[in-house]
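Trainee: predicted model and sequence below, questions to follow.
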Amino acid sequence: MAKNGVAMLFGLVVAAGAGAFGAFQVSKFLDQSRPAADNRAAEQLLQPVRYEPSAPLPAGSVDFRSAARRVTPSVVSVDRYERQMNFFGEPGAEAETGTGSGVVISADGIIVTNNHVVADADRVRVRFGDGKMVDAKVVGTDPTSDLAVLRVESKNLSPIQFAASKDVEIGQWVMAVGNPLGFDNTVSVGVVSSLKRSLPTDRQGNGLVDAIQTDAAINPGNSGGALCDAEGRLIGINSAIASSTGQSIGIGFAVPVDRVRSVASDILKFGYARYASLGILTRRRLDGALAYTNVRRELAGLAQQEDASKVPMRGIIVMDASPETKRAGIDRWDIITAIDGVATDGTFDLNRALVPKKPGDQVEVSVWSRGQAKKVRFKLQEARRR
């Protein structure tokens, strides 16, 4: 770390020296080749433009200074510690194994971050902008939406103001605040690049659903931090980046604020996030299996259907179903092809369709069952906790 610091410092010094030398050469050339009036004009152009904090900005300008002042007290660093095993396989000393960001949502110590920031932690510590560090209790986690709720024994904190997901638009200015690469309370700005992005994040079929895409710089350590609008209101929790290098290339994703509000409320009330379910058992390893003729032929036999050509080539195979689901008309070895008219080709598509729903909501399920295609109106059940 020290060597890297020296190398970085050396690089900065060399760059600064080269810049000073270049500026000196240009200045000397200007002095020799231009009249004094031109020199004075050049000097005026090189003077920085100064804005008084109270001075109004030109029409159409965007200034994040007031938003940054409003948001930074609400954003914290979150450090994860795990107890290491010694050579003999016995618990040893604690070591910091990761760091991320968090957002204060309640003055009495409630903080939201990403699930992957605190997963498998033996201890979690929160660092505030003033340098104060306190231990945090993990109230609950939600791998499905990659969110977690922490509680600290601190009062009179500065909670962030919430916006509404319906008000977020493509092209609007946004500001990301967090702890990228260990640099606390770093602000980066950009725009909303796209909305309703859905992408898997693990092998269990979990993933971001209806995520906000932004080109604001998001790097390792930003996870769990705030994505805000130009007024400093929370519109999302930064969660993932698309990158071939592991660093920002201008494609980041945030959990939308309405889902943050819903998940945090559930965790605080029930200890876990409540999700809707069709009451079926599926297998992720069977995603795409219907593309194979032998699988469709076997399913036709299990469904007592002789003509395998009528078995759909895409969909989710129902391995088993709850009694309520069977009564509604969905049974073992059926194939779910769509929910509310949106095709379901695998388990992630199923999660994407159900994550925005709540137990008790009604959906229309397109099913291939016993050789026939049909549509079933279904009242969603509460998903069993994992």
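Mentor: Looks like it came in fine.

Trainee: then stretch 170-184 to CSV, C-alphas only?
Mentor: Coordinates of each C-alpha in stretch 170-184 appear next as CSV, following Å, rounded to 0.1, in the frame of the first residue of the first chain:
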residue,chain,number,x,y,z
ILE,A,170,-34.4,8.9,-19.0
GLY,A,171,-32.0,11.8,-19.6
GLN,A,172,-32.5,13.5,-16.2
TRP,A,173,-29.4,14.5,-14.2
VAL,A,174,-28.4,12.3,-11.3
MET,A,175,-25.7,12.2,-8.7
ALA,A,176,-24.1,9.1,-7.2
VAL,A,177,-22.6,9.5,-3.6
GLY,A,178,-20.6,6.8,-1.9
ASN,A,179,-17.3,5.3,-0.9
PRO,A,180,-15.7,4.3,-4.2
LEU,A,181,-12.3,2.6,-3.9
GLY,A,182,-12.2,3.8,-0.2
PHE,A,183,-12.6,7.5,-0.9
ASP,A,184,-15.4,8.5,1.4
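
Trainee: that stretch: how far from the chain's middle?
Mentor: 12 Å (Cα atoms, centre = their mean, to the nearest Å).

Trainee: residues of it that come out buried?
Mentor: By 16 or more other Cβ atoms under 10 Å, the buried positions in stretch 170-184 come out as 173-180, 184. Glycine gets a C-beta too; all of them are placed from N, C-alpha and C.

Trainee: so which one among these has the lowest pLDDT?
Mentor: Model confidence across the buried residues of stretch 170-184 bottoms out at residue 184, which has 88.

Trainee: isn't it up against residue 127?
Mentor: Yes: shown here, residue 184 and residue 127 form a contact pair, counting by Cβ atoms under 8 Å, at 7.0 Å.

Trainee: hmm, back to that, out of the buried residues of stretch 170-184, which are inside helices?
Mentor: Counting by DSSP state H, these place none of their members in helices.

Trainee: which pair of those residues spans the longest distance?
Mentor: 173 and 184 (22.9 Å; Cβ to Cβ).

Trainee: where do the helices sit along this structure?
Mentor: Under DSSP H, the chain gives helices at 2-33, 36-46, 65-71, 115-118, 257-270, 293-302, 323-328, 347-354.

Trainee: ok, the closest residue to residue 277 other than its chain neighbours - contacts?
Mentor: Distances taken as Cβ to Cβ, 6 or more residues apart in numbering put residue 383 closest to residue 277, at 3.8 Å, once the chain neighbours are dropped. By Cβ atoms under 8 Å, 6 or more residues apart in numbering, the contact list for residue 383 reads 274-277, 354, 359.

Trainee: distance of residue 383 from residue 201?
Mentor: 18 Å (Cβ to Cβ, to the nearest Å).

Trainee: apart from its chain neighbours, what residue comes closest to residue 296?
Mentor: Nearest non-adjacent residue to residue 296 (Cβ to Cβ, 6+ apart): residue 311, at 4.0 Å.

Trainee: in stretch 132-152, what's buried?
Mentor: 136, 138-152.

Trainee: what two of these are the furthest from one another?
Mentor: Among the buried residues of stretch 132-152, 144 and 152 lie farthest apart (Cβ to Cβ), at 24.4 Å.

Trainee: doesn't residue 371 make contact with residue 310?
Mentor: Yes: Residue 310 is within contact range of residue 371, at 5.9 Å (criterion: Cβ under 8 Å).

Trainee: residues contacting the residue lying closest to residue 110 once chain neighbours are set aside?
Mentor: With Cβ to Cβ, 6+ apart as the criterion, residue 110 has its nearest non-adjacent residue at 5.9 Å, and that residue is residue 151. Contact analysis of residue 151 by Cβ under 8 Å, 6+ apart lists 109-111, 136-137, 139.

Trainee: and the residues you listed, which of them are in strands?
Mentor: By the criterion of DSSP state E, membership of those in strands covers 110-111, 136-137, 139.

Trainee: list just the nearest of the residues you listed to residue 211.
Mentor: residue 111 (20.8 Å).

Trainee: give me the neighbour count for that closest one.
Mentor: Close neighbours of residue 111, defined as other Cβ atoms under 10 Å, add up to 28.

Trainee: tell me the pLDDT at the closest residue to residue 266 other than its chain neighbours?
Mentor: Residue nearest to residue 266 in three dimensions, not counting chain neighbours: residue 273, with 4.5 Å by Cβ to Cβ, 6+ apart. pLDDT, residue 273: 93.

Trainee: ok, residue 273 touching residue 142?
Mentor: Yes: using Cβ under 8 Å, residue 273 is in contact with residue 142, at 4.1 Å.

Trainee: which neighbours do those two have in common?
Mentor: 263, 267.

Trainee: any stretches of the stretch 101-250 of the chain with poor pLDDT?
Mentor: Where the stretch 101-250 of the chain drops to pLDDT under 70, the residues are 203-205.

Trainee: which among the buried residues of stretch 132-152 gets closest to residue 301?
Mentor: Closest to residue 301 out of the buried residues of stretch 132-152 is residue 144 (34.9 Å), distances taken as Cβ to Cβ.
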